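Asks: Generate a structure from the sequence data that follows.
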Amino acid sequence: MKLINEFTFDFDITGPKVTASANAAIIENVLRVVLISDTSVTVDTGRFYVTVKGSRFVISEIWEGRMELEGKIEGIEFYKALGKD
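Replies: Numbering: from 1, shown residues only. Sure, this is the predicted structure:
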């Protein structure tokens with residue numbers, strides 16, 4: 001496990017959690033991948049959808065509800081899922 005992943009592993013929460021830099025993002029509590037393209041990745045975390053926008057995306061790892069995404073990160077958006085509290 002990479003060092004950045006060890007840091008986020010210690011802080012387990014039930015909602016979406018994103019740790020990001022200019023060229024990588026770790027999204028936690030991922031239930032399913034909704035959309036993948038060269039310019040965006042959207043995942044379902046239960047109560048929220050998380051969309052990471054940018055370019056040259058590569059999903060380098062997915063494990064235990066965590067996704068590591070590499071590429072140029074330009075923005076992160078959170079959307080509340082309909083019918084979820």
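Asks: Can you tell me the closest non-neighbouring residue to the spatially most central residue of the chain?
Replies: Centroid check for the chain by C-alpha atoms, centre = their mean gives Ile27 as the closest residue, at 2.7 Å. Leaving aside its sequence neighbours, Ile27 sits nearest to Met67 (C-beta to C-beta, 6 or more residues apart in numbering; 4.7 Å). In this view, the C-beta of every residue, glycine as well, is placed from N, C-alpha and C.
Asks: can you map out the strands along the protein?
Replies: 17-20, 24-28, 32-36, 40-44, 48-63, 66-80 (DSSP state E).
Asks: Next one: the residue nearest to Ile27 from Thr51, what distance?
Replies: Distance of Met67 to Thr51, given as C-beta to C-beta, to the nearest Å: 12 Å.
Asks: Between these two, which contacts overlap?
Replies: Val41 (C-beta atoms under 8 Å, 6 or more residues apart in numbering).
Asks: helices and strands of the chain: which one bottoms out on pLDDT?
Replies: helix 3-9 (a mean of 60; mean pLDDT, DSSP states H and E).
Asks: that older thread, between Met67 and Thr51, point out the one with more neighbours.
Replies: Met67 (21 against 15; other C-beta atoms under 10 Å).
Asks: Tell me what the more buried one is bridged to.
Replies: Ile27, Ile62 (DSSP bridges).
Asks: That one and Val30 touch, don't they?
Replies: Yes: Met67 is within contact range of Val30, at 5.1 Å (criterion: C-beta atoms under 8 Å).
Asks: ok, now which residue in the protein is the farthest from the centroid?
Replies: Gly83 (21.5 Å).
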